[in-house]
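Trainee: curious how this folds, go ahead:
(chains A and B)
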There are 2 protein chains.
Amino acid sequence: MSHPLLDQHRPLLERALDTIATRGYWSAFAESPSPKAYGEGAPEAGRAAFEAHLGKPFEIDQPGQCGWHDGETSPYGVPLGIRYPQSDPQALVQAALAAMPAWQALGAEGRVGICLESLQRLNRQSFEIAHAVMMTSGQGWMMAFQAGGPHAQDRGLEAVAYAWREMSAIPAEAVWEKPQGKHPSLVMRKHYEIVGRGVGVVIGCATFPTWNTYPGLFAALATGNPVILKPHGHVVLPAAITVRTIRAVLAENGLDPNLVTLCLPTSHEAAHALYTHPDVHSIDYTGGNVFGQWLLDHCRQAQVYAELAGVNSIVIDSTDDYAGMLRNLAFTLSLYSGQMCTTSQAIVIPAQGIDTNDGHKTFDQVGQDLAQAIERFLEKPEVAQAVLGAIQSEATLARIDQAAGGGMGRVVLAPKALHYEEFPQARTRTPALLSCDARDTAHYAQEQFGPISFLVRADDTDAALALAEDLTRTHGALTLAVYSTRDSVLDAAVRMSWRAKVALSLNLTGGVFVNQSAAFSDFHGTGGNPAANASYADSAFVANRFRVVQRRAHA
Amino acid sequence: MSHPLLDQHRPLLERALDTIATRGYWSAFAESPSPKAYGEGAPEAGRAAFEAHLGKPFEIDQPGQCGWHDGETSPYGVPLGIRYPQSDPQALVQAALAAMPAWQALGAEGRVGICLESLQRLNRQSFEIAHAVMMTSGQGWMMAFQAGGPHAQDRGLEAVAYAWREMSAIPAEAVWEKPQGKHPSLVMRKHYEIVGRGVGVVIGCATFPTWNTYPGLFAALATGNPVILKPHGHVVLPAAITVRTIRAVLAENGLDPNLVTLCLPTSHEAAHALYTHPDVHSIDYTGGNVFGQWLLDHCRQAQVYAELAGVNSIVIDSTDDYAGMLRNLAFTLSLYSGQMCTTSQAIVIPAQGIDTNDGHKTFDQVGQDLAQAIERFLEKPEVAQAVLGAIQSEATLARIDQAAGGGMGRVVLAPKALHYEEFPQARTRTPALLSCDARDTAHYAQEQFGPISFLVRADDTDAALALAEDLTRTHGALTLAVYSTRDSVLDAAVRMSWRAKVALSLNLTGGVFVNQSAAFSDFHGTGGNPAANASYADSAFVANRFRVVQRRAHA
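Mentor: Down below sits the predicted model:
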């Protein structure tokens, strides 16, 4: 029992399966936004497709329509003016349940085939989606294309590969023949049916509306569940395009498109009623701790896969490439104005300073040199705009301004507003670099989302590692970086990373950055500290999204 | 990187891996209590080993000793008189944490090797453990040997095989090389460390002290976690022997035996402090709903794998082997006096009766015939004793007597106390068979643990299936049996089993029984209805017990 779409995309699946097992470099989808990879005219067609959405109602034919959502805004200050139909969540749940039996009957082969075809279709829309991601999240163009398009698709494919690996390990049938000595054997024929757990809700975030959404979306779908996608109210278009594309693939294959719907609740109450609905059995969520904890506390009927806030640390003990380290950190702190869940916030440095190939550097000198490296890196306006993008939310802007005013620690590098010629209304800020003592935990020891980092003075390297461990175990972290030329420090860091269960990057000085994780090779989040209770992607991310229902009878 | 014990037991592991993938018949450990399988003198030596425990303190050298536990009793009325040392749970947690790093450092290979060696050792103790299981749980001898020994070991091996499959899919290292066009590639060396989540607590039950304990015990251990085993206070010896054996294997291999400890808390408060301890990250539990729900509500720091109560149903529409069906059901209802979590409780029959190869049978006739089949099956005292065993708890005895008094429905077959010559003080009862209408939900629609079953009169077959579905979805079920000669009924039953997520047995008339599940082939529980949130054993049962912590550096 195969499926034409699985046959068609099987080389892609096989390569993904090979890569999650060997974890070398591979990207299924070209990360270069070039006509060479995407075809002549693709950039222009993608832009035109994006622009065609502006100022219009978004057409998506879902049941239970009861209003229009128009809360979307652009951090670039560009008017979007798109209205999205709102549906009664109860109607979406009913429609999802109605679509589920045929999706189950399709089997793992058919479901995975449909998912792979959907990812291919989304890949062909990468330019359109990139513009949508850029204009809603505030990402720079290149990041919006890569993280919003091919890298998000890679993460979706990765989830599908894990789902396939688990589901294909379960045989459809078996003959069980137990010898009975001189008597005839007992012979039973058994069937094993993979059954989704129920409706999956995927709650998107404002900063990575596809990258953080596709893993849960495709993991839930592939394992037999309908999905209701609830995007952030200010960042809707990338999710809306995604849902519409998958619905089209479903309909073309004779399936009920209501298996995947877009949900923009008319009120908080309506949203909460959806999340706590008894037929909702999984929730994938990326976002803040307060609402994440609400979900974990109230949605006991569902498996909740949550990526929450954290405090990511860097410990600097010593380096043999001081300039390389500073360049690397300048990029990390600048990228998307620090609005990544993986951006480092606490840069912990021994009070006595650090040894480098450029001589000993005092604590203050490291701070000044890092500030200078950031300024130099962002000197050219076109680089600054491309790397920084815009500030997604007013709340982040207010937080940066609080930091700039000295309200969080001594200001080492003051954030600046930049003027982008193309987007004169864009909300922009360069990174803020603050300095404080390890004892002054009031500000650095909680997530300060945005381009706000702290140079934290620790007694010595041991204390710096202990602080990073404590921050990670208490507040969570998706990333940890350590710089040292000493094996004993590196060993201690490795052991600490195991205890704190955080991914560790050692001595990054080149073109790999602590805040970037590569699909198929890097696990995003370990699921073992408070920043996330699951990882993108691993077996645990998929194995509990379906159940096996067996039957047996005498043969 | 291998391990001598893994090398030694690799054929066993490979066979287990093959079998969970193909799900045919296989038992790793001989289920026949014969000297041929276990060696000359094994039965006598096992009995002697069991008897040597009686009336003595059980020697197990654990930290934090603070008292003695002596609450163990035998349903056979035999004095046991064994005292077990009690340890402060906090001391056990600290000792477990101290043992954890070396266990992690051993890697999946070493951990799985130690687990396989432990299972082999336990297998050689099968006679000793069988006597311990029989005398504490009240099981008959053959069941105590099979379910308490080889079948429990099979389930433990199955969990180890799943754990190995998931862990071995993660490479220890990778080289990640990303092309950079004309520039040199980016090359990173990455390591992936499998890290247990933390201390695992396994809470045993009074009826299957090894079979329901080994899956969680070995799943947690293999994936890198220390385990604190907390047996039922009345049924300790099988767990104590198990813990001591594993501790010996650990010590012989240079590992800290405190990785696995036995916990008999001195109070409820001490037990609750253990379950909610912040370093306890998994809890495996088999038992009643009230305490299971307490664990789920209060132990939010841990993954809770719970097998709870349920109401297992049988729907009888028609049969072409009436006598075979009755014989099969008589065995099912009698085995271990119905004290299995898989025993059928609600036998739902259409009001108009059923068609059989022996003519039409009215609802009442089916009840009388089933009652007679049970009486005949238990006619010979030696059969009755072997099959029924004894009643584990006073609470079950009281429940049976309530049923016998007519307090739960019309009595079709009254339970009787039997006299076992060998065990004159044994608590015994034959099955109670009651009759009621589907509307009279007060008694049949909640778990009546023990040999209490209800003939439930439904309007017709559709109503019978709907009732079984409702019971399963509302109260949970581990098993469902359906008898019908009609394809349309069987099809409807199959679709219902998918919705209710319950394992279905169709038309069992021979030597396979709805309340028995075979390791490597039958999933025990689906994890998809209220009777259990996990299955023995599948990927979901193991995949979330460990996390992967990666590190990366420039190559």
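Trainee: residue A:194 reaches residue A:545, doesn't it?
Mentor: No. Using CB atoms under 8 Å, residue A:194 makes no contact with residue A:545, being 10.1 Å away. Placement of C-beta: from N, CA and C, glycine included.
Trainee: find residues that contact each of the two.
Mentor: With contacts defined as CB atoms under 8 Å, 6 or more residues apart in numbering or on different chains, the residues shared by residue A:194 and residue A:545 are A:223-224.
Trainee: the residue sitting nearest the centre point of chain A sits in which helix or strand?
Mentor: Closest to where the C-alpha atoms of chain A average out (CA atoms, centre = their mean) is residue A:212, at 2.7 Å. Residue A:212 belongs to no helix or strand when assigned by DSSP states H and E.
Trainee: test my guess that it contacts residue A:308.
Mentor: No. Taking CB under 8 Å as the definition, residue A:212 is not a contact partner of residue A:308, at 11.8 Å.
Trainee: returning to that earlier point: grab the nearest non-local neighbour of the residue nearest to the centre of chain A.
Mentor: In space, and not counting its chain neighbours, residue A:212 is closest to residue A:286: 4.1 Å by CB to CB, 6 or more residues apart in numbering or on different chains.
Trainee: would stretch A:85-100 count as contacting chain B?
Mentor: No. Using CB under 8 Å from any CB of the partner chain, stretch A:85-100 stays clear of chain B, coming no nearer than 9.7 Å.
Trainee: contacts made by that stretch with the rest, please.
Mentor: Residues from elsewhere that reach stretch A:85-100, judged by CB under 8 Å, 6+ apart: A:57-58, A:60, A:62-69, A:196, A:198-199, A:224-228, A:255-259, A:261-266, A:270-271, A:273-274, A:277, A:279-280.
Trainee: residue A:194 and residue A:545: which is more packed in?
Mentor: Ranked by neighbour count (other CB atoms under 10 Å in any protein chain shown), residue A:194 and residue A:545 place residue A:545 first, with 28 against 21.
Trainee: okay, that one: pLDDT?
Mentor: On the pLDDT scale, residue A:545 is placed at 98.
Trainee: what about stretch A:105-125, average pLDDT?
Mentor: Mean pLDDT, stretch A:105-125: 98.
Trainee: report the beta-bridge partners for residue A:361.
Mentor: Beta-bridge pairing for residue A:361 (DSSP bridges): residue A:354.
Trainee: list the contacts for it?
Mentor: With contacts defined as CB under 8 Å, 6+ apart, residue A:361 is in contact with A:322, A:353-354, A:369.
Trainee: in three-state terms, label the residue in the stretch 151-300 of chain A that chain B sits nearest to for me.
Mentor: Per CB to the nearest CB, residue A:174 is where the stretch 151-300 of chain A lies closest to chain B, at 3.9 Å. Three-state assignment for residue A:174 (DSSP: H, G, I helix; E, B strand; the rest coil): strand.
Trainee: one more: the one 4 residues further on?
Mentor: When states are read from three-state DSSP, the local structure at residue A:178 comes out as strand.
Trainee: so what pairs up with it in the strands?
Mentor: According to DSSP bridges, the residues that bridge with residue A:178 are residue A:186.
Trainee: and the host helix or strand of residue A:129, what does it pack against?
Mentor: For residue A:129, the host element (DSSP H and E) is helix A:126-137. Judged by 3 or more CB pairs under 8 Å, 6 or more residues apart in numbering or on different chains; DSSP states H and E, the packing partners of helix A:126-137 are helix A:42-53, helix A:141-148, helix A:237-252.
Trainee: reformat these into TSV and put mean pLDDT and distance to chain B next to each item.
Mentor: Converted to TSV, the helices and strands packed on helix A:126-137 look like this (pLDDT from 0 to 100; distance: least, CB to the nearest CB, whole Å):
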stretch	mean pLDDT	distance to chain B
helix A:42-53	98	19
helix A:141-148	98	13
helix A:237-252	98	21
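Trainee: how about these in a markdown table, adding mean neighbour count?
Mentor: Listed next are the helices and strands packed on helix A:126-137 as a markdown table, based on neighbours: other CB atoms under 10 Å in any protein chain shown:
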| stretch | mean neighbour count |
| --- | --- |
| helix A:42-53 | 16 |
| helix A:141-148 | 22 |
| helix A:237-252 | 22 |
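Trainee: distance to residue B:522 added to those helices, as JSON lines?
Mentor: Below are those laid out as JSON lines (distance: least, CB to CB, whole Å):
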{"stretch": "helix A:42-53", "distance to residue B:522": "52"}
{"stretch": "helix A:141-148", "distance to residue B:522": "45"}
{"stretch": "helix A:237-252", "distance to residue B:522": "34"}
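Trainee: can you say which of those helices is nearest to residue A:486?
Mentor: In terms of CB to CB, the element of the helices and strands packed on helix A:126-137 nearest to residue A:486 is helix A:141-148, at 34.6 Å.
Trainee: for the stretch 51-200 of chain A, just list every one of the helices.
Mentor: A:89-105, A:107-124, A:126-137, A:141-148, A:150-168 (DSSP state H, counting those that start in this stretch).
Trainee: quick one: the ones you listed as CSV, columns for distance to residue B:157 too.
Mentor: Output for the helices of the stretch 51-200 of chain A, formatted as CSV (distance: least, CB to CB, whole Å):
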stretch, distance to residue B:157
helix A:89-105, 31
helix A:107-124, 26
helix A:126-137, 48
helix A:141-148, 44
helix A:150-168, 20
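Trainee: give me phi/psi at the residue nearest to residue A:305 when sequence neighbours are not counted?
Mentor: By the measure of CB to CB, 6+ apart, the closest residue to residue A:305 outside its immediate chain neighbours is residue A:534, 4.2 Å from it. Main-chain dihedrals, residue A:534, degrees, to the nearest 10: phi -150, psi 160.
Trainee: what's the neighbour count on residue A:534?
Mentor: Neighbourhood size, residue A:534 [other CB under 10 Å]: 26.
Trainee: what's the pLDDT at it?
Mentor: As predicted, residue A:534 sits at a pLDDT of 97.
Trainee: my read is that it contacts residue A:544, right?
Mentor: No. Contact criterion CB under 8 Å: residue A:534 and residue A:544 do not qualify, at 9.9 Å.
Trainee: the stretch 451-555 of chain A: helices as residue ranges?
Mentor: Secondary structure of the stretch 451-555 of chain A (DSSP H, counting those that start in this stretch): helices located at A:461-475, A:487-500, A:539-543.
Trainee: as CSV, the ones you listed with distance to residue A:440 and mean neighbour count would be great.
Mentor: Shown next, in CSV, are the helices of the stretch 451-555 of chain A (distance: least, CB to CB, whole Å; neighbours: other CB atoms under 10 Å in any protein chain shown):
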stretch, distance to residue A:440, mean neighbour count
helix A:461-475, 12, 21
helix A:487-500, 22, 18
helix A:539-543, 37, 25
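Trainee: how about low-confidence regions in chain A?
Mentor: Chain A contains residues with pLDDT under 70 at A:1.
Trainee: same thing but at 90, please
Mentor: Applying pLDDT under 90 to chain A flags the ranges A:1-2, A:71, A:309.
Trainee: ok, residue A:108 - contacts?
Mentor: Residue A:108 makes contact with A:163-164, A:167-168, A:194, A:222 under the criterion CB under 8 Å, 6+ apart.
Trainee: separation between it and residue A:173?
Mentor: Distance, residue A:108 to residue A:173, by CB to CB, to the nearest Å: 14 Å.
Trainee: related to what we said a few turns ago, in strands, which of the contacts of stretch A:85-100 fall?
Mentor: Judged by DSSP state E, the subset of the contacts of stretch A:85-100 located in strands is A:65-69, A:196, A:199, A:227-228, A:261-262, A:280.
Trainee: related to what we said a few turns ago, out of the helices of the stretch 51-200 of chain A, nearest to residue B:516?
Mentor: helix A:150-168 (26.5 Å).
Trainee: is that closest one positioned near chain B?
Mentor: Yes. Under the criterion of CB under 8 Å from any CB, helix A:150-168 makes contact with chain B via A:165-166.
Trainee: can you pull the buried residues of that helix?
Mentor: Within helix A:150-168, the residues scored as buried using 16 or more other CB atoms under 10 Å in any protein chain shown are A:150-167.
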